[in-house]
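K.L.:
Give me the fold of what follows.
(chains A and B)
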2 protein chains.
Amino acid sequence: MSVSRRQILASGAALAIGGLSSTTSVEAQAGNVPLDVPGSMHEQGRPVLSPAYGLPSKFEKDVVRRIREPRATDTEAFSVTPLQNLHGIITPNGLVFERHHAGVPEIAPDQHRLLIHGLVERPLILTMDDLLRFPAVTRIHFLECSGNSSTEWKKSGYHSVQRTHGLLSCCEWTGVPLSTILGEVGLKPDAKWVLAEGADAAAMTRSVPIEKALDDALIVYAQNGEMLRPEQGYPVRLFLPGFEGNMSVKWLRRLKVGDRPWHTREETSRYTNLLANGKAYQFAFEMDVKSVVTFPNADRSFKAPGFYEISGIAWSGRGHVTRVDVSVDGGATWHRASLQEPVLDKCLTRFRLPFNWQGQPLEIQSRAYDDKGWMQPTRSSLIAARGINPRYHFNAIQGWKVAVDGGLTNASA
Amino acid sequence: MSVSRRQILASGAALAIGGLSSTTSVEAQAGNVPLDVPGSMHEQGRPVLSPAYGLPSKFEKDVVRRIREPRATDTEAFSVTPLQNLHGIITPNGLVFERHHAGVPEIAPDQHRLLIHGLVERPLILTMDDLLRFPAVTRIHFLECSGNSSTEWKKSGYHSVQRTHGLLSCCEWTGVPLSTILGEVGLKPDAKWVLAEGADAAAMTRSVPIEKALDDALIVYAQNGEMLRPEQGYPVRLFLPGFEGNMSVKWLRRLKVGDRPWHTREETSRYTNLLANGKAYQFAFEMDVKSVVTFPNADRSFKAPGFYEISGIAWSGRGHVTRVDVSVDGGATWHRASLQEPVLDKCLTRFRLPFNWQGQPLEIQSRAYDDKGWMQPTRSSLIAARGINPRYHFNAIQGWKVAVDGGLTNASA
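P.N.:
Here you go, the predicted structure:
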């Protein structure tokens, strides 16, 4: 690949570290020398509808969700999204991370009901047919488990970004604003919280403040165009943009309006952070501004000196990303990355930085900012503020070390 | 479902046709009467990673691509996207329409090569590893076969929007600007056209004007986050935003720069329109402004009088959609639909219109406008301009008749 310095420099905010050199394994050939004609041009390929619902190439068979770490059961468990293999911001439905507390229930949509009751004027039971008649909206939003990167509070030693950051996905969601449904049932004056309950065997329940319920909360039935996947709450889930994923209750069967939070199991024994001073930080809903470099990664990194594009994703549960900086020297100096448009609220943003690697060891980091004035902290400052007891809401800067042979490892391992 | 007139009217540009009435089959229930506890809450569900690459619910098994109409072979054939089942604008990869001329080749990415030659200073052969090192961009764009809705030139009698309009999908695409690649090889002064050739057994070839190649053309390797599906050109395809789908050559193996078009088979015997006056309209690249209502549809329509949301998609190969009007009386009167943000260039736009059906027969139509001043034509004006010989670029207003029982049929059948 003959990449000239002039051309790469013209393409954007290049890191001008040394000269560029030709690194391709296939040399340019002169004139009209033909390529070998591949076998694929000698015979008819697979027919249409093989299959009718399409699947990835067999050459991509290793691009799958994986268990992050061993668990006591395989139903109270989670799987992680292969961020190292993804491009852009959309996560295809087959690769959206899973977090289940009692496995994935099988629910026939024509049997499913959603009850809205409690401090309301007109309690309602809705069928899926009913829900599909309401005015709908479509939004692209990330979904992140509050336990994402929890491995990093205590130095996991995981080198794969799938394991450190893969409890994170981003989809196009379609559904009904919860505010519309609450408008139909009519809130009583002391309505302050909404309990959401799932139809799984964990009866997953979380308390949602009424301000969020009336703001951008959605009752969602579609994901990337098609109906929700079973693992994502088929046939219907709550979706709270920017809030910890656990609150976007899947297989939603009941919304109860009340005047105070319920302090459910998932709000006391879990999803609450024990701080170093012995106090607990409860009801931390918004996912903090965060980013991570996804290329290079432990599976695919620099092979030889020359031009590469460092790439990653950034997000904030409070609004939209305004800026991402990248360092290749462990945070000593920073370079501003370009952000792929459109940059949307509470949505992944892809960032990219051209880079010319000369074969030296690196520590690559990224640092995101959002429109509410937040900046992603260093690991040491996050731990100074919260200690190392917490399991949730780890959003510190992630470092990746690149060795002289291109091998990539977790810098905090 | 108790939808009050006040609330629905407050939600947007309502069609105020008569009063709203309760239509739900499930009545609201008083107080805290519990729902039946479903079986899904009595036992653990499926474990995580069942499967590792996720699939739709078994209850969605009929949401698949289908053959539009019988063909002589199943490799020179096409399948259509189930638009009637989709929400938002993203088409999930498993449902993206297919159009193959010699089936789907199986290509090992590490064996694949892309040659760029002809009127260039420095011919290149690129591996997939090389391509993945170039600066990338990500865009959400529709892809439409120029034969989409060709059934309607002569009144197909198809009532399914999957059959009339399903050669249409919309994905997030990631790849390298073709202009970057052409910058690397260096164009000679008389470079005016680029020949793109696929590695399928049809050696699919099309001529692309240099202006498009240097504008927004992409060399694409990813689709909705993951690597391209085999049916969509794995491991790499050309992508020409807004142009007829056939030109976005799949399984791309060769780009040859020349000083004139090649007049390949797909530019003479096919993909060229014979007009009524005996002349042919060749090199009609841009897909015209167009829209179609996808709800109600032949599979799912109005069941009983009451509130519904009419919904559909609009697009233009020349830019972005600025306005969509909907008629329920066969084009006599029009109502402005709301457009779902973000409205992007050369991308599907979801439109919606609240509607209160009183059980009367309807003819529902939609009419789109774009930012270049084009308006979707009526079928009669399109045929007056071009006759009924053409097979390609049918973009007329589509009508759907709704009977008093809610049954939906093609209005031009």
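K.L.:
Worst mean pLDDT across the helices and strands of chain A, which element?
P.N.:
helix A:5-10 (a mean of 39; mean pLDDT, DSSP states H and E).
K.L.:
Quick one: name whatever helix or strand follows that one.
P.N.:
Next helix or strand after helix A:5-10 toward the C-terminus (DSSP states H and E): strand A:66-67.
K.L.:
Helix, strand, or coil at A:R270?
P.N.:
Using DSSP: H, G, I helix; E, B strand; the rest coil, the structure places A:R270 in coil.
K.L.:
tally of neighbours for it?
P.N.:
The number of residues packed near A:R270 is 14, by other C-beta atoms under 10 Å in any protein chain shown. No exception for glycine: its C-beta is placed from N, CA and C like everyone else's.
K.L.:
ok, now A:V404?
P.N.:
Neighbour tally, A:V404, other C-beta under 10 Å: 11.
K.L.:
How about A:D405?
P.N.:
By other C-beta under 10 Å, 11 other residues sit near A:D405.
K.L.:
do the same with A:I383
P.N.:
The burial count for A:I383: 18, using other C-beta under 10 Å.
K.L.:
ok, now A:Q84?
P.N.:
21.
K.L.:
quick one, phi psi at the residue lying closest to it once chain neighbours are set aside?
P.N.:
In space, A:Q84 comes closest to A:N297 once its chain neighbours are excluded; the distance is 3.9 Å by C-beta to C-beta, 6 or more residues apart in numbering or on different chains. With angles defined as degrees, to the nearest 10, A:N297 sits at phi -140, psi 180.
K.L.:
Return the distance of A:N297 relative to A:I364.
P.N.:
10 Å (C-beta to C-beta, to the nearest Å).
K.L.:
what is in contact with those two at once?
P.N.:
Common neighbours of A:N297 and A:I364, using C-beta atoms under 8 Å, 6 or more residues apart in numbering or on different chains, are A:W400.
K.L.:
Would you point out which residue is most central in chain A?
P.N.:
Centroid-nearest residue in chain A, with C-alpha atoms, centre = their mean: A:L168, separated by 2.5 Å.
K.L.:
Against chain B, how distant is that one?
P.N.:
Separation of A:L168 from chain B (C-beta to the nearest C-beta, to the nearest Å) stands at 12 Å.
K.L.:
which ones are touching the residue nearest to that residue when sequence neighbours are not counted?
P.N.:
Counting by C-beta to C-beta, 6+ apart, A:E144 is the residue found nearest to A:L168 once chain neighbours are left out, at 4.6 Å. Taking C-beta under 8 Å, 6+ apart, we find A:E144 in contact with A:167-168, A:244-245, A:287, A:290, A:315, A:317.
K.L.:
And A:G147, by the same measure?
P.N.:
A:G147 neighbours (C-beta under 8 Å, 6+ apart): A:78, A:99, A:167, A:391-392.
K.L.:
Which residue ranges make up each domain of chain A?
P.N.:
Domain assignment for chain A, taken from automatic domain parsing, gives A:98-281, A:290-410.
K.L.:
Output the ones you listed in CSV, with distance to A:E69 appended to each entry.
P.N.:
Listed next are the domains of chain A as CSV, based on distance: least, C-beta to C-beta, whole Å:
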stretch, distance to A:E69
domain A:98-281, 8
domain A:290-410, 13
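K.L.:
Columns mean pLDDT on top of those, output as TSV?
P.N.:
Converted to TSV, those look like this (pLDDT from 0 to 100):
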stretch	mean pLDDT
domain A:98-281	96
domain A:290-410	97
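K.L.:
quick one on the thing from earlier: what is the nearest of the contacts of A:G147 to B:P51?
P.N.:
Proximity of the contacts of A:G147 to B:P51 (C-beta to C-beta) peaks at A:F78, which lies at 15.3 Å.
K.L.:
SS state for the residue lying closest to the closest one once chain neighbours are set aside?
P.N.:
Of all residues not flanking A:F78 in the chain, A:R99 sits nearest, at 4.3 Å (C-beta to C-beta, 6+ apart). With three-state DSSP as the basis, the three-state label of A:R99 is strand.
K.L.:
Quick check: residues of the stretch 151-300 of chain A near chain B?
P.N.:
A:172-174, A:180, A:183-184, A:199-201, A:203, A:221-222, A:224-231, A:234-235, A:251, A:253-254 (C-beta under 8 Å from any C-beta of the partner chain).
K.L.:
Mind doing that once more with 7 Å?
P.N.:
Applying C-beta under 7 Å from any C-beta of the partner chain, one finds that the stretch 151-300 of chain A approaches chain B through A:172, A:174, A:180, A:183-184, A:199-201, A:203, A:222, A:224-227, A:229-231, A:234, A:251, A:253-254.
K.L.:
quick one: which of the residues you listed sit in helices?
P.N.:
In helices, defined here by DSSP state H, the members of those are A:180, A:183-184.
K.L.:
Which of these sits closest to chain B?
P.N.:
Using C-beta to the nearest C-beta, A:G183 comes nearest to chain B of these, at 5.2 Å.
K.L.:
count of neighbours near that closest one?
P.N.:
For A:G183, using other C-beta under 10 Å, the count is 18.
K.L.:
before we move on, the earlier item: ok, now which ones touch the residue nearest to the centre of chain A?
P.N.:
By C-beta atoms under 7 Å, 6 or more residues apart in numbering or on different chains, the residues touching A:L168 are A:81, A:97, A:142, A:144, A:148.
K.L.:
any chance of those in JSON lines, plus secondary structure?
P.N.:
Formatted as JSON lines, the contacts of A:L168 follow (three-state DSSP):
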{"residue": "A:T81", "secondary structure": "coil"}
{"residue": "A:F97", "secondary structure": "coil"}
{"residue": "A:F142", "secondary structure": "strand"}
{"residue": "A:E144", "secondary structure": "strand"}
{"residue": "A:N148", "secondary structure": "coil"}
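K.L.:
Thanks a lot, see you next time.
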